[in-house]
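Asks: let's see this in three dimensions:
(2 chains)
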Amino acid sequence: METESEGYRKIITLLRASKPELSSAEKLESEIMQRIAGKSRAVVAADSFISFLFGWTYIGWVRRSLITVSIILVAFFIWQQSLIVRQINVLNSRLLISEIENVKYQPRVDGKKLLMMGKSGSGFSDGEIEFSEDKIEKLLESYATLKSDYGELLKLINEDPELKKLIEEKADQNRIKKFKL
Amino acid sequence: MKRKSLKIISLTVLILAASCDETETVVTNIVHRDGSVTRRIEMKSSKHNFSPDIIQVPLDSTWIMKDSISISTENDTVWFRTAEKIFKNADALNEDYNYDKGANRKIKRSAAFIKKFRWFNTFFTFSEKLDKSFLSGYPPEKFLSADELEFFYLPENISRDKLSGADSTKYKELKERTDLRSERYYWSTLVSEWIGEFSKLTEGRTGAELSKEALKMQENEIIDSLIKNQGDTDSLIARVLGYEAYSKFRTEADSATSIINERLDANISFAGYTVIFTMPGKVTASNGFIMKEGEIMWPVRSEFFLSEPYVMHAESKMPNIWAWFVSGFFLLFVVTGALRKINKKG
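Replies: This is a model prediction of the structure:
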């Protein structure tokens, strides 16, 4: 037990004897002091900013003016909104028209469909069929082209006896087929 | 006074309104925030004739146009034309109205756009106005009650629906009453106009018995005679003015009649149409009929601007979001300051 306590005392004495040596004690001190000063400066700056921001609260006429402006703003907002609501209520009481009977641009039906309907002899479906003037023009153009091509083809056939004979044979064959059916 | 033309006024208006050959037209004004207006004209006719001189509103080659036709099962052909143009502002629209060569060129029309900044919201007002045909007429409110006025200004398809709908008896009675009182309104306006013009032409040359006030005293008697069709107009005027005065001021009386006939002609030759406004933002006020999509519609007929200008107006608003934020921050700032002050005092 004695040896243990003696050893302990020796260590303590040794530790006490070997004090930590600061290489730049002055520098450390100044750094610590700077940090402390910096912290308090930030707090002071924030405080002074808030004081500056709300400094007007200490000036009577500015305080009163800003509060008055706020009240006016709120009152104006309430007045404007209530006026709008009142106007909308009046508007809602007016007659609501679901549709206008008059002119509205109608959806169109494709020209091809119209042509097919005409050919099949089924006539038009109930209601109305609409198509644009452009499409009619295109249809008429196609018809004119077809007519002229057909004319040219007939002319070509008539001019060539061999071709005419060939086509006539083919036509006869078709007629026989139809008859058999 | 041209008695025949006066007597058939109501009939003519009706005939013109119901005329099948007339191009049915819908004019849509799409109003933008900057005051520019996209105007779309939709026309429907049984003939492929959309010549600008028969169209109700100004239309020329500068418009983008599109045609289509519709053939019914009965082989009835209906032609459609849609024209569209963007106007920089209401002034550009007015310029078109000023140089109008169309069917309604005799009637002065104008458009106006107003944009008002009101901090939380910006308000837009767009209106179209048709000037009155007669200067000394009476307002229809003098002759028609509120419900009659409402019926008077109804679009034709709506009044037709009402007359054949569930409350048809009620509406038929209302129609009869409105027609009767409207007739009196038309005649009163014409007679008042004639008295006004005659007084202007004879100003300072007549005695007290032919003054405007004295003639006005006989107004009801004249109107009753005209409605009951008692005698011809010349003898009626002679009776009102006194035979001696009539022979003295016959030229002035005829001039007054001519002026009225001219104005009447401009009015009854007006081709009716439908106007639709599409406003920016939410519509807050209007004197038109509200449609499903938030558009506003007005029928335009000659009897609407006989003695009073016919103004179609709509107001809409758009919220200024930034102003709401600025106001919110400002209020927060002031309230915080005030609370801080109260706390420090405490």
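
Asks: how confident was the prediction at residue 116?
Replies: No chain specified, so I'll use chain A. Confidence at A:Met116, expressed as pLDDT, is 37.

Asks: that answer is for a different chain, and I need it for chain B
Replies: On pLDDT, B:Lys116 comes in at 96.

Asks: also B:Met1?
Replies: So B:Met1 comes in at 44 (pLDDT).

Asks: what's the distance between the residue in the stretch 101-250 of chain B positioned nearest to chain A and A:Lys27?
Replies: Relative to chain A, the nearest point of the stretch 101-250 of chain B is B:Asn157 (3.9 Å; C-beta to the nearest C-beta). Yep, even glycine has a C-beta here, placed from its N, CA and C like the rest. Using C-beta to C-beta, to the nearest Å, B:Asn157 is found at 96 Å from A:Lys27.

Asks: of the two, which one has the most company?
Replies: B:Asn157 (15 against 10; other C-beta atoms under 10 Å in any protein chain shown).

Asks: does the residue of the stretch 201-346 of chain B found nearest chain A belong to a helix or a strand, and which?
Replies: Closest residue of the stretch 201-346 of chain B to chain A, C-beta to the nearest C-beta: B:Lys341 (4.0 Å). For B:Lys341, the element it lies in under DSSP states H and E is helix B:321-345.

Asks: quick one: average pLDDT of that helix?
Replies: Throughout helix B:321-345, pLDDT has a mean value of 92.

Asks: what does stretch A:93-108 give?
Replies: 55.

Asks: the longest helix in chain B is where?
Replies: Using DSSP state H to assign secondary structure, the helix with the most residues in chain B is helix B:168-201.

Asks: that one: which residues count as buried?
Replies: The neighbour-count check on helix B:168-201 (16 or more other C-beta atoms under 10 Å in any protein chain shown) flags B:171, B:174-175, B:178, B:181-199, B:201 as buried.

Asks: ok, now stretch B:101-111?
Replies: B:102-105, B:107-111.

Asks: same check on stretch A:140-147?
Replies: By neighbour count on 16+ other C-beta under 10 Å, the buried set for stretch A:140-147 is empty.

Asks: run through chain A and note the low-pLDDT ranges.
Replies: Across chain A, residues meeting the criterion (pLDDT under 70) sit at A:1-2, A:19-22, A:95-136, A:175-181.

Asks: and the strands in it?
Replies: When secondary structure is read from DSSP state E, chain A shows strands at A:96-97, A:128-132.

Asks: quick one, phi psi at the residue most central in space within chain B?
Replies: In chain B, the residue lying closest to the centroid (C-alpha atoms, centre = their mean) is B:Tyr310, at 3.3 Å. Backbone torsions for B:Tyr310, taken as degrees, to the nearest 10, come to phi -100, psi 110.

Asks: what's the answer for B:Lys129, then?
Replies: Torsion angles at B:Lys129 (phi, psi; degrees, to the nearest 10) stand at phi -130, psi 140.

Asks: apart from its neighbours in sequence, what residue is nearest it?
Replies: Leaving aside its chain neighbours, B:Lys129 sits nearest to B:Val311 (4.8 Å; criterion: C-beta to C-beta, 6 or more residues apart in numbering or on different chains).

Asks: surely that neighbour is in contact with B:Asp131?
Replies: No. Using C-beta atoms under 8 Å, B:Val311 is not in contact with B:Asp131, being 10.1 Å away.

Asks: please report phi then psi for B:Gly165.
Replies: Dihedral angles of B:Gly165 (phi, psi; degrees, to the nearest 10) stand at phi -90, psi -160.

Asks: what about it, neighbour count?
Replies: The number of residues packed near B:Gly165 is 11, by other C-beta under 10 Å.

Asks: quick one, what contacts it?
Replies: By C-beta atoms under 8 Å, 6 or more residues apart in numbering or on different chains, the contact list for B:Gly165 reads B:Tyr171.

Asks: okay, it: pLDDT?
Replies: According to the model, B:Gly165 scores 85 on pLDDT.

Asks: between helix B:321-345 and whichever helix in chain A runs longest, find me the angle.
Replies: The helix spanning the most residues in chain A, taking DSSP H as the definition, is helix A:60-92. Put simply, helix A:60-92 runs at 140 degrees to helix B:321-345, going by axes from the mean of the first three to the mean of the last three C-alpha atoms, to 10 degrees.

Asks: output the contacting helices and strands for helix A:60-92.
Replies: Under the contact criterion of 3 or more C-beta pairs under 8 Å, 6 or more residues apart in numbering or on different chains; DSSP states H and E, helix A:60-92 touches strand B:282-286, helix B:321-345.

Asks: just these: most buried one?
Replies: strand B:282-286 (a mean of 20; mean count of other C-beta atoms under 10 Å in any protein chain shown).

Asks: for the stretch 201-346 of chain B, give me the ranges with low pLDDT.
Replies: Applying pLDDT under 70 to the stretch 201-346 of chain B flags residues B:230-231, B:346.

Asks: can you list the residues of it near chain A?
Replies: Within the stretch 201-346 of chain B, the residues that sit near chain A (C-beta under 8 Å from any C-beta of the partner chain) are B:274, B:276, B:282-286, B:288-292, B:297, B:315, B:317, B:327, B:330-331, B:334-338, B:340-341.

Asks: please repeat the previous calculation with a cut-off of 6 Å.
Replies: B:274, B:284-285, B:289-292, B:297, B:327, B:331, B:334, B:337, B:340-341 (C-beta under 6 Å from any C-beta of the partner chain).

Asks: just give me the closest of the residues you listed to A:Phe52.
Replies: Nearest to A:Phe52 out of those is B:Gly337 (C-beta to C-beta; 11.8 Å).

Asks: what's the distance between the closest one and A:Thr57?
Replies: For B:Gly337, the distance to A:Thr57 equals 5 Å [C-beta to C-beta].

Asks: quick one: the helices in chain A?
Replies: Counting by DSSP H, chain A has helices at residues A:2-17, A:25-53, A:60-92, A:111-120, A:133-159, A:161-180.

Asks: of all these, which lies closest to B:Phe143?
Replies: Smallest distance to B:Phe143 across the helices of chain A (C-beta to C-beta): 24.8 Å, for helix A:60-92.

Asks: return the set of buried residues in that closest one.
Replies: So for helix A:60-92, counting by 16+ other C-beta under 10 Å, buried means A:63, A:66, A:70, A:73, A:77, A:80, A:84, A:87, A:91.

Asks: which non-adjacent residue is nearest the first one?
Replies: If the residues on either side of it in the chain are set aside, A:Arg63 comes closest to A:Thr57, at 5.4 Å by C-beta to C-beta, 6+ apart.

Asks: relative to B:Leu332, how far out is that neighbour?
Replies: Taking C-beta to C-beta as the measure, A:Thr57 falls 14 Å from B:Leu332.

Asks: equivalent analysis for B:Asp67, please.
Replies: Look at B:Asp67 and B:Leu332: by C-beta to C-beta, they are 60 Å apart.

Asks: ok, A:Leu166 next?
Replies: A:Leu166 sits 96 Å away from B:Leu332, taking C-beta to C-beta as the criterion.

Asks: now swap in A:Gly38 and tell me
Replies: 31 Å.

Asks: repeat that for A:Pro161.
Replies: For A:Pro161 relative to B:Leu332 (C-beta to C-beta), the value is 102 Å.

Asks: now do B:Trp63
Replies: Distance from B:Trp63 to B:Leu332, counting by C-beta to C-beta: 53 Å.

Asks: all strands for the stretch 101-250 of chain B, in order.
Replies: Using DSSP state E, counting those that start in this stretch, the strands of the stretch 101-250 of chain B run over B:109-118, B:121-130.

Asks: return the member of the residues of the stretch 201-346 of chain B next to chain A nearest to B:Arg118.
Replies: Closest to B:Arg118, out of all of these and judged by C-beta to C-beta, is B:Thr284, at 11.5 Å.

Asks: please consider this matter closed, and thank you.
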